[in-house]
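[1] I would like to see how this sequence folds:
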Amino acid sequence: MIGLDTNVVVRYVMQDDALQSLQATQIIENLSPESPGFISLVSVVELFWVFTSCYALKDSQAAQAIEVMLRTRHLVIDRAQEVHRALRLFKASAATEGSSPKADFADCLIREVSAAAGCERVLTFDKAAARHAGMVLIETPPR
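    The predicted structure follows:
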């Protein structure tokens, strides 16, 4: 197994740099289930952010790209079950089909990884994370 930095995966998916994309393609297409590539949890979060912020992909497109990686047999995704559950929670936070999710993907992932670690709840000051990602809001007194 070999670790893949976020930028290698981005170059492969986006094909936006002639030389680096070619190298990333050669690396990733030579992986196999017997000798897979490893994508860390940090890279999963970075991928989502890079896709939506730097490449202006819709949240649903970034989520779909990560879902494809989860189903790819020659890639091992760190904490794959939690990533999958976070994607479900993230998608469920959309008010209606086709609308943008109200939860932040990173918040959904924090919640799912914390739950898998045995946490009974995740505390936050972020009202949106409490409302849409299943965290518990810490009430602060008015200033």
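
[2] can you give me the strands for the chain?
    Secondary structure of the chain (DSSP state E): strands at 2-3, 37-39, 75-77, 123-124, 136-137.

[3] packing partners for the helix or strand bottoming out on mean pLDDT in the chain?
    Lowest mean confidence among the helices and strands of the chain (mean pLDDT, DSSP states H and E): helix 127-132, at a mean of 93. Packed against helix 127-132 by the contact rule (3 or more CB pairs under 8 Å, 6 or more residues apart in numbering; DSSP states H and E) you find helix 105-116, strand 136-137. Every residue, glycine included, has its C-beta placed from N, CA and C.

[4] thinking again about what came up before, make a markdown table from the strands of the chain and add mean neighbour count, mean pLDDT and distance to V9 to it.
    Compiled in a markdown table, the strands of the chain are given as follows (neighbours: other CB atoms under 10 Å; pLDDT from 0 to 100; distance: least, CB to CB, whole Å):
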| stretch | mean neighbour count | mean pLDDT | distance to V9 |
| --- | --- | --- | --- |
| strand 2-3 | 11 | 98 | 11 |
| strand 37-39 | 21 | 98 | 6 |
| strand 75-77 | 20 | 98 | 9 |
| strand 123-124 | 14 | 98 | 29 |
| strand 136-137 | 13 | 96 | 33 |
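
[5] most tightly surrounded among the helices and strands packed on helix 127-132?
    helix 105-116 (a mean of 21; mean count of other CB atoms under 10 Å).

[6] what is it packed up against?
    Helix 105-116 packs on helix 41-49, helix 59-71, helix 80-92, helix 127-132, going by 3+ CB pairs under 8 Å, 6+ apart.

[7] only C-alpha atoms, please: export the shortest one in PDB.
    What follows is helix 127-132 as a C-alpha-only set of coordinates in PDB (Å, rounded to 0.1, in the frame of the first residue of the first chain):
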ATOM      1  CA  LYS A 127     -25.300  26.700  15.500                       C
ATOM      2  CA  ALA A 128     -25.400  25.200  12.000                       C
ATOM      3  CA  ALA A 129     -23.400  22.200  13.100                       C
ATOM      4  CA  ALA A 130     -25.700  21.700  16.000                       C
ATOM      5  CA  ARG A 131     -28.800  22.000  13.800                       C
ATOM      6  CA  HIS A 132     -27.700  20.000  10.800                       C
END
